[in-house]
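Colleague: below is the sequence, then the predicted model.
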Amino acid sequence: MHNIKDIRNNPNFFKDTLKKRFLEIDLKKILELDENNRKLIQEKENLEKEKKEISKSKNKELFEKSKSISKKIGELENKQKETKVKLENILSSIPNLPMDDVPIGKDENSNLEISKSGSVPKFDFKPKSHYELGENLNMLDFDLATKTTGSRFVFVKDKLALLERAVSNFMIDTHVNQNGYQEISPPLIASDSTMYGTGQLPKFENDQFEIKFDDKNDRKFLIPTAEVILTNMGRDKIFQLNELPLRVVASTPCFRKEAGSYGKDTKGMIRQHQFYKVELVSIVEPEKCLDELDRMTGCATKILDLLKLPYKKIVLSSGDMGFSAEKTFDIEVWLPSENKYREISSCSSCGSFQARRMKSRYKNKKNEISFVGTLNGSGLAVGRTLIAILENYQQSDGSIIIPDVLKPYMSNLDKITKK
RNA sequence: GGAAGGAUGGCUGAGCGGUUGAAAGCACCGGUCUUGAAAACCGGCAAAGGGGCAACUCUUUCCUGGGUUCGAAUCCCAGUCCUUCCGCCA
């Protein structure tokens, strides 16, 4: 959510910066609603003042007048509320502004590669895809999931289930013991106001799984990412300066409808309705956002370094960034079967955009209360890490070597083979 | 699911129809004292929104939404959440 004052003071900057996202906003309408809103507030306040004075005077002759003023105030208030709701509906659907150094472009084709790391494995045979490998091992079962649930789900079995657990635990341990994050095991269900806070609502309702909770009219959703619930830990809260930065990590299932991605990655477990992800969230002083973004991205790439998986780091273009982000680094891991890099992590700084929606604030050095900065990043997507390990560590016989750092998590097993 | 109690500023907590935006304490900020710090003492300290170049000023806000009243933190109704007890349950 943007501050209407910023828009009012610098409408053209606003309009131009949003053009970087290839978005045209009806600025005239916004300013008009804003002006109208303020006019109504003023009228209302004048009447309120008058009413207050009458009541203070305790002058019985004026009591009738006070009654009629109350009526007028009520009318103005309704009008003003209506205007404000209209204004907020528009504002809440406007995405964050990209930072100056974000490359401008419509989509992923304009993303910019920053660095490459690790060496791409060479095979003297044709590398198989993760789903061929998994199905041959009898440890990935898509058909079974289709039977029990539907498409875009999977059963992970036996040693691959163990591997999945190992990956998740290894990541959390690394972030907790080496990167200074606090481990959290959060609820997997979020209320509508929580979903609004991080920007999933109102605009992306169709991507979310809403659940039937009870007969009452509050709404609940399965979290599409732990970012939602972790970032909202600071909702309606004023942090003391010494509580920041707050860094938390959680490994949770994530649920997404993947609406609008029909036909994309239909095979395998690249794109599922449910997947595990280790999520990093930082709440910081807003001016420290970009430093924290670099730090967070470093925490994510460290995992790939330790797993010895080749990857590249890219900065997303203005058109490819998520709704709440001001700057995003994606990390892509090498997938031999596709002969290309695929997204395995996305680290974003949201500046104060989410904080403003959530009323997440802190007391700064001058003792003033202002909005915090929020960041989130995957560290990493567990399912996709599993894929990357399968494909990069595969052997000609279809077995999978276990990366050294994971062995302690798997009773020192060093290879997964078919039974 | 049943029964009772509660929700007040960054936090704890008084107030229960009329200068109460709200006592007190803690925290925080400034000062005196001190070589420095601590302690002690003195002073300051809510947020949101509107107007103004500014000094400043106005309005709103005591969980939310309605109602009673000239006037509500205070009374009435509905809802949300929390706590305790009972029941049920992983």
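Modeller: Thanks, I have it.

Colleague: residues near A:F153, how many?
Modeller: A:F153 has 16 neighbours, counted by other CB atoms under 10 Å. Bear in mind the C-beta positions are built from the backbone N, C-alpha and C, glycine included.

Colleague: whoops, I mixed them up, A:I400
Modeller: Burial of A:I400 is recorded as 23 neighbouring residues (other CB under 10 Å).

Colleague: quick check: phi and psi on the nearest residue to it once chain neighbours are set aside?
Modeller: Computed as CB to CB, 6 or more residues apart in numbering, the closest residue to A:I400 that is not its neighbour in sequence is A:I416, at 4.4 Å. Main-chain torsions, A:I416, degrees, to the nearest 10: phi -100, psi 120.

Colleague: repeat that for A:G373.
Modeller: Main-chain torsions, A:G373, degrees, to the nearest 10: phi -110, psi 140.

Colleague: for it, what are its contacts?
Modeller: The neighbours of A:G373, taking CB atoms under 8 Å, 6 or more residues apart in numbering as the test, are A:283-289, A:292, A:349-352, A:355.

Colleague: which of those count as buried?
Modeller: A residue is treated as buried here by neighbour count (16 or more other CB atoms under 10 Å); on that basis the buried members of these are A:283-286, A:288-289, A:292, A:349-352, A:355.

Colleague: ok so, going back, what is the neighbour count of the residue nearest to A:I400?
Modeller: Other residues within reach of A:I416, judged by other CB under 10 Å, total 25.

Colleague: hmm, back to that, among the contacts of A:G373, name the ones in strands.
Modeller: A:283-284, A:349 (DSSP state E).

Colleague: for these, which one is nearest RNA strand B?
Modeller: Proximity to RNA strand B was ranked across the ones in strands among the contacts of A:G373 by CB to the nearest atom of the strand; first place goes to A:I283, at 15.4 Å.

Colleague: that closest one bridge partners, please.
Modeller: When assigned by DSSP bridges, A:I283 has beta-bridge partners A:L246, A:T374.

Colleague: I'd say it and A:T231 touch.
Modeller: Yes. With the criterion set as CB atoms under 8 Å, A:I283 and A:T231 qualify as a contacting pair; they are 7.4 Å apart.

Colleague: what's the overlap in contacts for these two?
Modeller: Between them, A:I283 and A:T231 share the contacting residues A:360, A:374, judged by CB under 8 Å, 6+ apart.

Colleague: tell me which element A:K147 is part of?
Modeller: Secondary structure assignment for A:K147, by DSSP states H and E: helix A:142-148.

Colleague: for that helix, what is the average pLDDT?
Modeller: Per-residue pLDDT values over helix A:142-148 give a mean of 95.

Colleague: any chance of the buried ones among the contacts of A:G373 in CSV, with distance to A:Q182 too?
Modeller: Shown next, in CSV, are the buried ones among the contacts of A:G373 (distance: CB to CB, whole Å):
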residue, distance to A:Q182
A:I283, 11
A:V284, 14
A:E285, 18
A:P286, 21
A:K288, 18
A:C289, 19
A:E292, 15
A:S349, 20
A:C350, 20
A:G351, 23
A:S352, 22
A:A355, 19
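
Colleague: in JSON lines: these, plus distance to RNA strand B.
Modeller: JSON lines is the format used below for the buried ones among the contacts of A:G373 (distance: CB to the nearest atom of the strand, whole Å):
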{"residue": "A:I283", "distance to RNA strand B": "15"}
{"residue": "A:V284", "distance to RNA strand B": "18"}
{"residue": "A:E285", "distance to RNA strand B": "16"}
{"residue": "A:P286", "distance to RNA strand B": "14"}
{"residue": "A:K288", "distance to RNA strand B": "20"}
{"residue": "A:C289", "distance to RNA strand B": "20"}
{"residue": "A:E292", "distance to RNA strand B": "23"}
{"residue": "A:S349", "distance to RNA strand B": "22"}
{"residue": "A:C350", "distance to RNA strand B": "19"}
{"residue": "A:G351", "distance to RNA strand B": "17"}
{"residue": "A:S352", "distance to RNA strand B": "12"}
{"residue": "A:A355", "distance to RNA strand B": "12"}
